[in-house]
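> Here you go, sequence then predicted model.
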Amino acid sequence: MIDKSKQLNASLNLVNDRLLFEGLVDGNKPIAIDYIPPFGDNLGYTSLELMLLSLSSCVGTALLVFLRRQGKIIEVFSINSDGTRRQTHPTAFDEIHLHIKIKSSNLTSEEFEKTLMLVESACTVWYMIKESTRVVFHHQIVA
């Protein structure tokens with residue numbers, strides 16, 4: 001039997017005569033992936049939008065696991081991300097900013113920053129892009 005944590009399977013199927021795809025991963029709900037006009041119809045996420053979401057959710061997952069293990073009470077947690085694309089091809093992200101907002105009654109900024117240092121080794125998406133894309137963190141902790 002294959003260890004599901006070591007292998008992922010995804011399928012991608014073209015839906016229309018342009019660039020609208022339906023993506024599916026191991027029985028989860030399908031997502032629409034498209035491109036902006038004139039090539040696509042803007043009916044779904046772009047690949048780079050999904051990259052921002054992937055990085056945000058990976059960082060968020062690692063942060064929450066580490067913080068909760070430390071006994072931190074997390075009442076609200078959100079990440080807003082924005083990426084700056086290169087001007088020349090390939091127009092991948094040159095820099096990504098993650099704006100993290102946490103409401104916690106027992107977390108200090110210093111504790112957060114120490115925990116963030118652990119995240120790079122735990123977040124696979126960050127690990128995969130760190131050589132080509134600068135990732136900048138901003139955080140706000142509200143008691």
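Happy to help now that I have it.

> a strand runs through residue 12, doesn't it?
Yes. Judged by DSSP: H, G, I helix; E, B strand; the rest coil, residue 12 forms part of a strand.

> measure it to residue 32 for me?
11 Å (C-beta to C-beta, to the nearest Å). Bear in mind the C-beta positions are built from the backbone N, C-alpha and C, glycine included.

> same check, this time on residue 73
37 Å.

> quick one: the helices in the chain?
Under the criterion DSSP state H, the chain contains helices at 47-69, 109-122, 124-129.

> Can you pull out the low-pLDDT segments for the protein?
1-5 (pLDDT under 70).

> how's it carved up into domains?
1-45, 47-142 (automatic domain parsing).

> which one of these has the most crowded surroundings?
Most buried of the domains of the chain, by mean neighbour count (mean count of other C-beta atoms under 10 Å): domain 47-142, with a mean of 14.

> Between its first and last residues, how far does it reach?
Start to finish, the residues bounding domain 47-142 are 33 Å apart (C-alpha to C-alpha, to the nearest Å).

> Go ahead and measure how far stretch 9-16 is from the middle of the chain.
Stretch 9-16 has its C-alpha centroid displaced from the chain centroid by 21 Å (C-alpha atoms, centre = their mean, to the nearest Å).

> Could you do stretch 123-142 as well?
Using C-alpha atoms, centre = their mean, the offset of stretch 123-142 from its chain centre is 9 Å.

> and the residue nearest to residue 134 when sequence neighbours are not counted, what are its bridge partners?
Excluding its sequence neighbours, the residue lying closest to residue 134 (C-beta to C-beta, 6 or more residues apart in numbering) is residue 95, at 4.4 Å. Residue 95 has these beta-bridge partners by DSSP bridges: residue 84, residue 134.

> what does residue 22 give?
residue 13, residue 32.

> ok, now how distant is it from residue 15?
On the measure of C-beta to C-beta, residue 22 and residue 15 end up 5 Å apart.

> what do the two both touch?
residue 32 (C-beta atoms under 8 Å, 6 or more residues apart in numbering).

> got a list of what residue 73 touches?
Residues near residue 73 by C-beta under 8 Å, 6+ apart: 104-107.

> mind redoing it with 7 Å?
104-106 (C-beta atoms under 7 Å, 6 or more residues apart in numbering).
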